[in-house]
Structures are given as C-alpha cells and as structure tokens.
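Engineer: sequence and predicted model, in that order:
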Protein chains: 2
Amino acid sequence: MERRKVLGLAGAGVAGVAAAGAGALALTHNDAAPTAGSLDLVSETGGAIPFYGARQAGIVTPAQDRLHFCAFDVITDDRAALVEMLQDWTAAAARMTQGRDAGTFGAVGGSLEAPPDDTGEALGLPASGLTLTIGFGPTLFRNAQGKDRFGIAAKRPAALADLPKFPRDTLDAAISGGDIGVQACAHDPQVAVHAIRNLARIGMGKVSVRWSQLGFGRTSSTSTTQATPRNLFGFKDGTRNLKAEEPALLDEHLWVQPGDGPEWMTGGSYLVTRKIRMLVETWDRSPLAEQQTIIGRDKGEGAPLTGKQEHDEPDFAAQDGKGQPVIPMDSHLRLAHPDQNGGARLLRRGYNFVDGSDGLGRLNAGLFFMAYQRNPHKQFVPVQNRLAKQDALNEYIRHVSSGLFACPPGLPAADDYWGRSLFA
Amino acid sequence: MERRKVLGLAGAGVAGVAAAGAGALALTHNDAAPTAGSLDLVSETGGAIPFYGARQAGIVTPAQDRLHFCAFDVITDDRAALVEMLQDWTAAAARMTQGRDAGTFGAVGGSLEAPPDDTGEALGLPASGLTLTIGFGPTLFRNAQGKDRFGIAAKRPAALADLPKFPRDTLDAAISGGDIGVQACAHDPQVAVHAIRNLARIGMGKVSVRWSQLGFGRTSSTSTTQATPRNLFGFKDGTRNLKAEEPALLDEHLWVQPGDGPEWMTGGSYLVTRKIRMLVETWDRSPLAEQQTIIGRDKGEGAPLTGKQEHDEPDFAAQDGKGQPVIPMDSHLRLAHPDQNGGARLLRRGYNFVDGSDGLGRLNAGLFFMAYQRNPHKQFVPVQNRLAKQDALNEYIRHVSSGLFACPPGLPAADDYWGRSLFA
C-alpha cells in the first residue's frame, strides 16, 4: 500500500501546503519520476527516487533540501543478528523511499495487539524525494577495544583508516564517529525524520542512536540543474562542486574503482561528515569587504574577486595596485581550490543547521559538512590540513564533530541487502 | 530592493526545488498574495503575507510548515534603548516578511567598510510566507530580582501571571521563559532562520538569545483549507483546533477583548509554549490498540473511537459490551476536549521537533506545543492541570520547557512599531 492511498488523502504536507487544489495536482505525480517543465516543483516534491541501482541514491541525486543524518552504535556482537537487521532495514528503506509504510503491517493495518510496522507520522505524505544512503564506520570493523566483533576486520579498506586529528579540531566524541551512518534526504523533513526513526525502531536492541543531525537549506548543488545555494555566512557555497553530469570526473574523484581496495567497495564512495559551528554573531559584525576577502568571492554574485560571474575561473596570479594578490593567500577560495590541492575534488552535500542556542546568548548554528569521495586520505585530509592551518575563515568556525563512513555500491536487485558485499 | 531582484535569480530555494521551470513560475508570484487553484503550491511558497494589520500575522495565518522560535533576554536596563531596538526590529520585520533584505544596505549594497544590514543567506529566496509574531514575557515587566527595569510593571496584565507548576513538570529553566519571544514561521526554514538571526544581529548588546527552537511539520491546522497533520506519535493532531474562519469563536477564545485587562493588549493574544519531549522509542513498542485507547482516536482516519470520520463528534457516554466507556476516562481526547473543560478552547500552532539525540541512544524528539488564547489562566492552565494529573499519554511525554508571552495587537500603520501600545 502506498501511504497516500491508505487514506485517500492527498498532499496534506506537500511542501507545507495543503490547499485542496495543490494537493490534487500533487497526487497526479505521486511516485512519478520528476518531469521537465513548469510542474517540476510539484513532481519533485512528491516524486519517488529509485532505491535499487548500481550506485546508492543520495550521493549524486540532485541534493534535496532537507537532511536527517543518524550515526548508530551496534550494540550486539552477534553477526547474524546484525545481518538480519541490515536485511530488515533494506526492505524498509526500499518501501519508504517509494512512499510506502516501513513494513507490511503499517500504522493502520495489521494486528491491534502488536506494535505497528510503521510509526505513522508520514501517513498521507508523498515519497518527497526520499533517499537513504548507508555507510559503515571504522569501528564496525574493529571497535574501540580493538575487537573484530563481526569477523570483517580483514575487509577494512585502507581508505577507511581513521582521520587524523587536524589542527584546531575541537571535536566532541559523543557526536562523532559511529559504527553505521545513514543519510536521509528529502524535500520534506517529516519524511526524512520518519525514515530514520523507523530504522531506529527496527534496529531496537541491535543498534542505538549515537548522534543525529537535522539540516535544512542544502549548501551544495550536485547537479547542473540546481542553482548554487547559500550557507549561513550568506555566501554561495559549492560553486565548484562535482556534478552528476560529469561522469568522467565522478569516476576519477567520487566512485571507488576496481583495484582501489577490497572489492566490496568498488562502485561505492567514502563519506566524511564534519559538524562545523559558525560563530555567526562575530561574522555579522565584520565589514562586507573583510567577509569577501576571507572567502575570496563577492557576496552577491559569488564571483571570484578577480571575476564578474559566479563561474568565472579565479585568477590566483592577479595582483592589486600594491602588488598584493587580489585573491588573498589565506582566503578560503584559494586554499580549498583544486588547483591549489593537486586537483583534489569532493562531492559536497552539506546542510545548514541551527540547534537551538549555545547557552551563551548565541544561536548554535553552522554547516553540517558532508563530502563523498573516492579516498578521503587523498582528498579531504590534505585539503582540510591546509585549511585548518591557514584559512582566514578559521576565526569564525569550530569543527565540533567528525565522521567517516564507507558507503558500499548500490543494490542491483530486489533481493539484495545493504552490506551483502561486505558480509556475504 | 526585493531579495530576488537584487540578483536576477529566481527560485534557487523554492521548497528545495531549483529547476528552471519551477523557478520561473514562482517568480511570477513573488510577493503576491496566495491565490486559489492549482498554483497554490507555488504562490503560497513564494507569497508574502501582509505585515501590517489589526491583528499580528502568524496567529490565524494558515500554519506554515516550518518554525524558528526564539526567546530573548533583554540585557539592557535602558528603556529608550529597548524602544529603539523594537523600532529597528519592526522596520526589519516589515521588510523581511515582504521578501526583502533586513535593512537598507543589504548584503550586497552599502559600504564595503561596514557590516551589511542583512546577513545574506536568504538572498534569492522568496518571502516564503514568512510571518514574525512578537510577545512580551512576564520578566519584561518585572525581572527575576523583582525590578521594574522599564517602568511598565503597572501595565502587566493579570492574564500574564506566571504559569503554575504543573504535576509532572520537568522544566529546564535554561530553555524556559524569556523577556521577549519571537515566532518566525515560513514555508522555508532558511527564511525563518534568516529572520530570527537578523533580529538577533540588530539587537546585539540589547538582547541575547535565551533559547531557540526549530520545528517542522506543523501539528495543527489554523484554517479550514488545511488538512489535519500528524504529530510524532503518528496521530492526527488538532482536529478540533480553532480556525481562522470562525470569527465569533476567535473573539470568544483567542483575541483579548476590551475590558479584559490593560487596553494595550486589546486585540492581542497570549501565547503558551511547551516543549514536550516524546519518548517515541517506548511509544513505538506499544500495540496499536493501546496507542488508540490512549489517544481516544483511531490512528489511520483520526476518528473518535465512537465514530468513523475524523470530524465526527465523540460520544463520551458510549459504553462497550462490558459497560466500560468506549473512549476511556484517561484518554487524551476526553481529557482535552472542550466539553470536559467548561468549553475552554485554544488555537494550537505547534510543530514537531528532532534535536539530535539524547545521549542515551534515543532521538531527542517531540512536540513544540504553542497555543494562543484570550486568557491562559482560564484556558491552558485548567486543561493542562487536568491532563498532567490524569492523561494516559503522560507515560510517554515529558514537559521540558515552558514559556508565556503577551502578544499585542497588530500594527495598524507603517509608522507604528512593536510594543508602541505598551511603551508609548
């Protein structure tokens, strides 16, 4: 049963708009792939993204606008129980991403005497572009006590070696790491939250929630069809991001290639998460000129300080009248640019966050950075080392959490399950 | 300047959809009032809601889907400075709700040598139905030390007396109360966050952020044009809510009437906020039948256990074959129903929240309850006392924060300011 057909109700929460007209329009497009033209808004809001495929969805999928990321600790040492849970998760994920209940006996079906197979808060909501993307953390292969609980330590890829401690890191261990990470992205946060919550419910007794993060306002485009969004510094972010339409670059920088490491990761990708608190109150007191020289771009258009349009190539050699580089040596643009990092590129997929206040009179706000890549030790690590040492932006940011996850390739057939390439 | 015209860019973040077609469609409706029919989705997403009027917007306004609520402490004792800030806030609110920069010299205008009058993260985004609603807390009239800092203690309404401590309250003082509360609602969280952040920026040195709360998935309808949404227990919430289309009931239960108290509040309303943590993991292990008897409604349709349709009147006298009431005596529906509370009704306007995890392996999730009313001591207080003592739902919830705010009437003219009726 599709959630919306259960109730004969359409569009109750479509992008927060429940007018009957819009709802009826959305119903037409429920579970349909996005189409071109003036109805994209509706169809992309309601549309379902295929779950099965050679690659996991949610990586090059055009970035949805809402995130619920969850890192789980595995609390069982029983390999069979873990595999069974991964099978159950896969079945639920395949259903939920298509706009269905998490289980066969949903919130309104099945026995009255048993807990429902779905928690119900997404009843009546369309698929909303939901993707669920799974990754395995270093501690799944060998836990903090060095124990290989599941007999997979030999399959741990070199690329999944722990990240080094970076200069200026102020990480909180309680919201870092995790044995398993699941990224839920959707156009409707209620749908993303519902998905994570149901995975946690299914995993009860086998996993527990280590940390979770909500995000809004995607801070990167992953497709040339998307405009570049803005982060909470007010600047466009991710102008040079890898895009779904660049397959050769994706093979070079994003997808794990044959021979890169253990075969189970071929076609997968590595995810680095960093929760980056932004000291927005301090930033907001900085003159516009200072903000622009720190970033290396102008605030309105997002053009490099040596150009006029957002996508103009920066001219790192250009000097001003005093012989100083127009794009400062410690600007974020220069330090993070592929030309300054041996060509290293990332597929960024971050989100803005506001987690209440910090108890010191300020918003607890920032960027939940997520980046997918072929090998973090050749891509994220050298870039971040450089940024952590030199970036002028460091005065305004604090890295407070960190995660690393090996995201296997997609599932090719409906009887496959998350982690089969690792566990089978 | 309208934000979107500054850049000549349309729809970059319209409900997370940036396809060129949808963006162009939205641009047509930017700053236009919502219209009827099949384009409601677009026009409501982009549309601006009038700021000036006899009532504050954001109360009976059809509930937008996203919330950023912020409680501020006033950190100055200087009345003139506070009034000046309220004037500055009003000017910024009037601009931002119409899809403009917070100030005259926005993120891309004005001097390079000064901080911008707008933080920039909403550049390119439409008004998104933003409303900003202000309220004054008890401590603005007399602070915790009993001091009347601003010479307004005599104007404190009796209806703004502190809420009593309720049975089972587990309130955290750090995220309760506040001298001033501002509710930002919008269809796009980036727009709601931008508005609160700019008010905090403008108020620097005069106010500080005491606590702030993001919410998604409105849990009430405030208009008959809206379908009833679901809370994180998976049940429809707010079926019997007061609606914008019931003016006589609104005068009776929502709007402060002449003679109710000090004249400055006539036409205003009182807001009670309660952050209600839901123990969703425990709830999710409860059988469907138990969930339904606790709520008093069925989960799918939301009908009273004595009826078939959501809006059927509950029959509290009906008994089952064993002579027991079909709607249990301790069910939430019975205890909260106006018929059981001397007719007391509220205009609820709450939101779901997930604030990461609780450090104990669970999601920190629940309901940020907000209710507007004519007199909380005659409406919210008796209902909550009853619920706190008897509601079967109490096993699954914890009240962790509480707030009370006197929200003055709307501003009738463009030269008026938030609080004039109190301070002038």
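Structural biologist: Yep, it's here.

Engineer: can you list contacts of stretch A:383-400?
Structural biologist: A:164, A:166-172, A:175, A:233, A:274-279, A:282-283, A:293-295, A:328-332, A:335-336, A:340-341, A:344, A:346, A:366 (CB atoms under 8 Å, 6 or more residues apart in numbering or on different chains). Just so you know, the C-beta spots here come from the backbone N, C-alpha and C atoms, and that holds for glycine as well.

Engineer: give me the buried subset of those residues.
Structural biologist: A:166, A:169, A:171, A:175, A:233, A:274-279, A:283, A:293-295, A:328, A:330-332, A:335-336, A:340-341, A:344, A:346, A:366 (16 or more other CB atoms under 10 Å in any protein chain shown).

Engineer: for A:Phe334, helix, strand, or coil?
Structural biologist: Phe isn't right for residue A:334; it's Arg. helix (DSSP: H, G, I helix; E, B strand; the rest coil).

Engineer: wait, what's in contact with it?
Structural biologist: Neighbours of A:Arg334 in contact, by CB under 8 Å, 6+ apart: A:296, A:314, A:316, A:325, A:327-328, A:340.

Engineer: closest to B:Ala91 out of those residues?
Structural biologist: A:Gly296 (32.7 Å; CB to CB).

Engineer: still on that earlier bit, chain B next: which of the buried ones among the contacts of stretch A:383-400 are close?
Structural biologist: Applying CB under 8 Å from any CB of the partner chain to the buried ones among the contacts of stretch A:383-400, one finds that A:175, A:233 fall near chain B.

Engineer: pLDDT check: weakest of the contacts of A:Arg334?
Structural biologist: Lowest pLDDT among the contacts of A:Arg334: A:Gln340, with 89.

Engineer: and that one, how far from A:Leu333?
Structural biologist: Distance of A:Gln340 to A:Leu333, computed by CB to CB, to the nearest Å: 9 Å.

Engineer: again with A:Gly359
Structural biologist: 34 Å.

Engineer: same deal with A:Arg348?
Structural biologist: Distance from A:Arg348 to A:Leu333, by CB to CB: 14 Å.

Engineer: can you tell me the number of residues neighbouring the closest residue to A:Gln309 other than its chain neighbours?
Structural biologist: Counting by CB to CB, 6 or more residues apart in numbering or on different chains, the nearest residue to A:Gln309 once its immediate chain neighbours are dropped is A:Ala303, at 5.4 Å. When neighbours are counted by other CB atoms under 10 Å in any protein chain shown, A:Ala303 registers 18.

Engineer: just list the residues touching A:Ala303, thanks.
Structural biologist: A:297, A:309-310, A:312.

Engineer: go again using 10 Å as the cut-off
Structural biologist: The contact partners of A:Ala303, by CB atoms under 10 Å, 6 or more residues apart in numbering or on different chains, come to A:236, A:239, A:297, A:309-312, A:314.

Engineer: what mean pLDDT would you report for the helix or strand hosting A:Thr293?
Structural biologist: Assessed by DSSP states H and E, A:Thr293 sits inside helix A:288-295. Averaged across helix A:288-295, the pLDDT comes to 97.
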